[in-house]
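> 3D, please:
(one chain, ligands or ions: 1)
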Amino acid sequence: MATRKNLTVNRESLVHKLRYAAGRPHRIAPYLKRAARDRWLAFKHPDHVSYYRAVMASDTRRNPEAAVGSQTHERWLALGEMQFEYLLGHGLRPGARMLDIGCGNLRAGWRFIEYLDAGHYYGIDISPDILIAAKQTLTERGLQAKVPHLTLTRNLTLDFLPEAYFDVVHAHSVFSHSPIEVIEECFAHVGRVLAPGGHFDFTFDRTTGTEHQVLREDFYYRTQTLLDLAARHGLAARFMEDWEKLGHGQSKIRVSAVGADA
Ligand SMILES: C[S@@+](CC[C@H](N)C(=O)[O-])C[C@H]1O[C@@H](n2cnc3c(N)ncnc32)[C@H](O)[C@@H]1O
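Sure, this is the predicted structure:
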């Protein structure tokens, strides 16, 4: 499937908003409602993590699958399968130890948990509400015997995790919701927990134009910005061209410790 990304548009510009609204008048009311809610939450929670935690609480109350970005159960299943199949195609084996940053309600996580050896999956998230939904997914899938680790976090220092431990670190659709400071915090610490030869894959919303954000919820970065940031933290990073062929709206970068094969 070919990608249909609009890489040049600035979604925060007034011209874009007016054009978009003119073409889709039925979306104006929901957009204004969401914008009003987000402004209120941003006023109540000035720091990003608290703000986004509140967004997730509100979204999860309505529908946990929609809260992680899937409007239907079929899409929820398909998006999880896409993440799983991609890593399988890149050599994931049952003995690997995996850290899933921003694991959500285990859209992909349940497949990794099912596949990996017991105790090898670690999911972390900033949202207590989505982690409760994650436990429900785990129960529904009957995966209790796999004893996955699900942990609430408020930052990405990864300080509670062991050194040189994870073969795969993964963050799908997390940096698309993260300001650059959050991504930098992750880059500053992820190298410590990566096992020799391990890698960290993350998706991001890509622009080739002006970097911008929408409602403090969606952040658009240039590839080079993220590659340079990774390099500043002693990490090798490369753009994953094969992910583009899958037709997902976001792009993917793979990071590894310098000297390892990225
Ligand atoms: C769009 S959902 C994707 C969930 C999951 N990765 C998937 O693909 O189904 C983004 C998730 O990342 C979490 N999140 C956002 N910012 C985070 C951060 N800085 N650290 C950890 N989790 C974060 C959110 O709470 C949410 O569960």
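
> Surely Ser251 touches Phe204?
Yes: counting by CB atoms under 8 Å, Phe204 is a contact partner of Ser251 at 6.0 Å. Where you see a C-beta, it was placed from the backbone N, CA and C, and this is true even at glycine.

> could you list every residue that touches Arg11?
17, 20, 212, 214, 218, 220 (CB atoms under 8 Å, 6 or more residues apart in numbering).

> any idea whether the first one is helix, strand or coil?
The assignment at Lys17 comes out as helix when based on DSSP: H, G, I helix; E, B strand; the rest coil.

> So which residues on the stretch 101-250 of the chain come close to the ligand?
101-104, 107-108, 124-127, 130, 153, 156, 172-174, 177-178, 182 (CB under 6 Å from any ligand atom).

> which stretches of this protein aren't confidently modelled?
1-4, 258-262 (pLDDT under 70).

> what ranges do the strands span in it?
98-101, 121-125, 149-152, 166-171, 194-206, 212-214, 218-221, 235-239, 251-257 (DSSP state E).

> Narrow the residues of the stretch 101-250 of the chain next to the ligand to just the buried residues.
Burial by neighbour count, judged by 16 or more other CB atoms under 10 Å, picks out 101-104, 107-108, 124-127, 130, 153, 156, 172-174, 177-178, 182 from these.

> Just those: which are in helices?
130, 182 (DSSP state H).

> if we can go back for a sec, now for the contacts of Arg11, which sits with the most neighbours around it?
The residue in the contacts of Arg11 with the most neighbours, by other CB atoms under 10 Å, is Tyr220 (21 neighbours).

> residues in contact with that one?
Per CB under 8 Å, 6+ apart, neighbours of Tyr220: 11, 205-207, 211-214.

> if I pick the closest residue to it other than its chain neighbours, what's in contact with it?
Closest residue to Tyr220 apart from its sequence neighbours, by CB to CB, 6 or more residues apart in numbering: Thr207 at 4.2 Å. By CB under 8 Å, 6+ apart, the contact list for Thr207 reads 7-10, 220-222.

> for the residues you listed, which one is nearest Pro30?
Val9 (19.7 Å; CB to CB).

> Now that closest one: closest residue in space that isn't a chain neighbour?
Going by CB to CB, 6+ apart, Val9 has His16 as its nearest residue, at 5.6 Å.

> Can you list the buried residues in stretch 52-60?
52-56, 59-60.

> okay but Gly198 is in contact with Val190, surely?
No: Gly198 lies out of contact with Val190 (CB under 8 Å); the separation is 9.6 Å.

> With adjacent residues omitted, what lies nearest to Glu12?
Glu12 sits nearest to His212 (CB to CB, 6+ apart), 4.6 Å away.
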